[in-house]
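**Student:** would you be able to build a 3D model of this:
(4 chains)
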Protein chains: 2
Amino acid sequence: MPNNSNYKTEKEFLINYDPSEFESPLVTVDLCIFTLIDNDLKVLMVKRSQFPEKGKLALPGGFIDLNSDSTIEETALRKLLKKTGVKSPYIEQVSTIGNKSRDPRGWSVTTLYFALIPHVDVIESNEVGDEVKWLSMEDVAISSMAFDHKELINKARERLANKVSYTDIGFHVLPAKFTLSQLQKAFEILMDHKLEKKSFRRRMMSADLVSELDEVSSERGRPAALYEAKSDKLHFFARSL
Amino acid sequence: MPNNSNYKTEKEFLINYDPSEFESPLVTVDLCIFTLIDNDLKVLMVKRSQFPEKGKLALPGGFIDLNSDSTIEETALRKLLKKTGVKSPYIEQVSTIGNKSRDPRGWSVTTLYFALIPHVDVIESNEVGDEVKWLSMEDVAISSMAFDHKELINKARERLANKVSYTDIGFHVLPAKFTLSQLQKAFEILMDHKLEKKSFRRRMMSADLVSELDEVSSERGRPAALYEAKSDKLHFFARSL
DNA sequence: TGATATAGTGGCACTGTGCCACATATAAGT
DNA sequence: ACTTATATGTGGCACAGTGCCACTATATCA
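**Tutor:** Got it, this is the predicted structure:
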C-alpha cells in the first residue's frame, strides 16, 4: 500500500517520490484473436516456452513494455502484429481480470482484448517462430490450457457473439469481396445463431453497408453477386439480428 | 521486461523466481458512483488530500490491497462501501485505461467501474471523513479534475446511458417502492432521452419486471399506483427503449 | 364548483420481422 | 439436349411491437 503522504509541495513530492513504495500486481495483456477458416471459428493459441505453465496452450500476450509502449492498446496491437502480421484488425477491450490466484507468481491482472481478422491477411509462420496454432472453438472446451485462459476465451466468445448481433464487426473476418450468402454464414457462425435469408438481406441492404460489384462468384448453383463493405465505420443496427 | 527464461523444472522456477525482475506499472481501481438526487444525475467525487493533484476533485478509488483483496472486484466493492456505506450496489466494469502520461508518477493503469445506487441508502458523512461531494453531471464539463478523471466520467456516463436503454439496471437508482412515472423519469435521465409514456408502460408491464402494490403515492394530481421491482436479476429487454 | 395537475387507457397507422413459396441461373449427370 | 441438383435472389402476407395523441380518471387547490 502507498505511503507517500507527507509532502508539502508538488515539487517536494516529485523529487522524493519512490515508486517502489507501491507493491504492484503483475500486469499483462492477453489477446483472443478470432478468425474464420473454412466456415469454422478459430482462436489463435501459442504453446508456452517458459515457466510457469511451460508447454501448455495459452493466449498470445504478455507484459507491457514500459519503455516502448505508450498506451495499453499499443501493447495489444504490438503483440497482435508480432503473431499474425496483421496491422489493422478490429480490436476491442473485453474485460480486465485480476486476482491473487490466477498466476502462481502472485497477484496478477490481465486486460483481455479480442480481435477479428480475415484469415487471408495472416502471414503464416510469424517472425518469432513461436509455436502458434489456430484452435477450433469446438476444441476449446476439451483442451487443457495455461492459467485461466479457457475462461478468458469464453468471455471473449460471449462478447463476440453479442456484439456481432447488433453491429457490423462481422465483416472483419471476410476478405474484401464476398457474397451475401458468405456474409450471412459468417454472421451465423460468429453469433452461433441461424438467420433467415430474406430478413438478413433486407437488413443489410437497408443499413446501406454493402455495395454490389459488377462481378459474380460462381461455384455450384446460381452465381452470386459479389459485394464489398461500404465503410470501415462501426455501424450499429437499429435492431438486433 | 521479464527475464525468467532458463529454468529447467517448475520447481526450480518457483524457488528462484524473483518478482522484482518485472517492472510493473501502477495499478489502481477508480469508481464512478452514480445516483439520482431530486431528478438530477450526480456522481460522487472526493477532494484529494495528497500529492499528486492534491486538492483537486477526483473519483474515489485507489490501489489494490494485495494482502486483503483477493480479486479486483473486491477492491472496487471495498472502496465503494467505504465511501457510501452501500454494500450491494449495481456495479459493472467499464474499461481499463493505461498509458505513460496519465499519472505524473509514471506508467499507470486504472480499471474503471461504474456503480448505481439509490440515494436513500447512502450513509451521509462516511466513516473516513474525507471530503466527498455529489457533483451534478451538468457541472462535470466545467469542473477541474485530477488526472484524466473527467474522461473517465464521460466514458462511464456513456456506458450507463447505453446500458440503461436495453436492461433494467435503471431500477437501482430508485427506492424500493416507486410509481411508474418516477421509474420513467429515472430512465429518461439516465439515458438522457425522452420516452413515450404509453410505450414505456407497455414495455415495463410486458417485461413483467414490476408488481403493483396496494398502495398509492399521492402528491399533486391523481394518485399513482406504487410498484416494486420483481427481481434482482439483470433483465435484457427484447428491444431497446 | 371549476381550474389545474398528474395518472392511466383506447385505439390506430406504421414499420420491421418471420416465414415460405416461387422464380432464376448455373453446373453436372445421363 | 434435357433433367436434376444446387444455390441465389424475390414476392408477398400475417403478425407483433411502436409511436402517437386524444381522451378519461382522480386527486388538490382556489
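**Student:** and the longest strand along chain A, what's buried?
**Tutor:** The strand of greatest length in chain A, counted in residues with DSSP state E as the criterion, is given as strand A:26-37. Residues A:L26, A:V27, A:T28, A:V29, A:D30, A:L31, A:C32, A:I33, A:F34, A:T35, A:L36 are the ones in strand A:26-37 that count as buried (16 or more other Cβ atoms under 10 Å in any protein chain shown). From N, CA and C alone the C-beta is placed, and that goes for glycine too.
**Student:** and for stretch A:46-57?
**Tutor:** With the criterion 16+ other Cβ under 10 Å, stretch A:46-57 contains buried residues A:V46, A:R48, A:F51, A:P52, A:E53, A:K56, A:L57.
**Student:** dump the longest strand of chain A to CSV, restricted to CA.
**Tutor:** The C-alpha atoms that make up strand A:26-37 are tabulated as CSV, following Å, rounded to 0.1, in the frame of the first residue of the first chain:
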residue,chain,number,x,y,z
LEU,A,26,1.8,-8.3,-12.3
VAL,A,27,0.2,-6.6,-15.3
THR,A,28,-0.3,-8.4,-18.6
VAL,A,29,-2.3,-8.0,-21.8
ASP,A,30,-3.9,-11.1,-23.4
LEU,A,31,-5.4,-11.4,-26.8
CYS,A,32,-8.2,-13.6,-28.1
ILE,A,33,-7.7,-13.4,-31.9
PHE,A,34,-10.6,-14.9,-33.8
THR,A,35,-10.9,-15.7,-37.5
LEU,A,36,-12.9,-17.9,-39.8
ILE,A,37,-11.2,-20.7,-41.6
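**Student:** re earlier: filtering the buried residues of stretch A:46-57 by proximity to chain B, which remain?
**Tutor:** Subset of the buried residues of stretch A:46-57 in contact with chain B: A:F51, A:P52, counting by Cβ under 8 Å from any Cβ of the partner chain.
**Student:** any idea which element A:V94 lies in?
**Tutor:** Assigned by DSSP states H and E, A:V94 belongs to strand A:90-99.
**Student:** domain map for chain A?
**Tutor:** When chain A is parsed with automatic domain parsing, its domains come out as A:20-164, A:169-229.
**Student:** the closest residue to DNA strand D within chain A: neighbouring residues, count only.
**Tutor:** Taking Cβ to the nearest atom of the strand as the measure, the point where chain A comes nearest DNA strand D is A:G221, at 2.2 Å. Other residues near A:G221 number 7, with proximity taken as other Cβ atoms under 10 Å in any protein chain shown.
**Student:** before we move on, what about A:K163?
**Tutor:** By the criterion of other Cβ under 10 Å, A:K163 has 21 neighbours.
**Student:** make sure it is indeed in a helix.
**Tutor:** Yes. Under the criterion used here (DSSP: H, G, I helix; E, B strand; the rest coil), A:K163 sits inside a helix.
**Student:** that one touches A:E92, doesn't it?
**Tutor:** Yes. Here A:K163 reaches A:E92: they are 7.4 Å apart, a contact under Cβ atoms under 8 Å.
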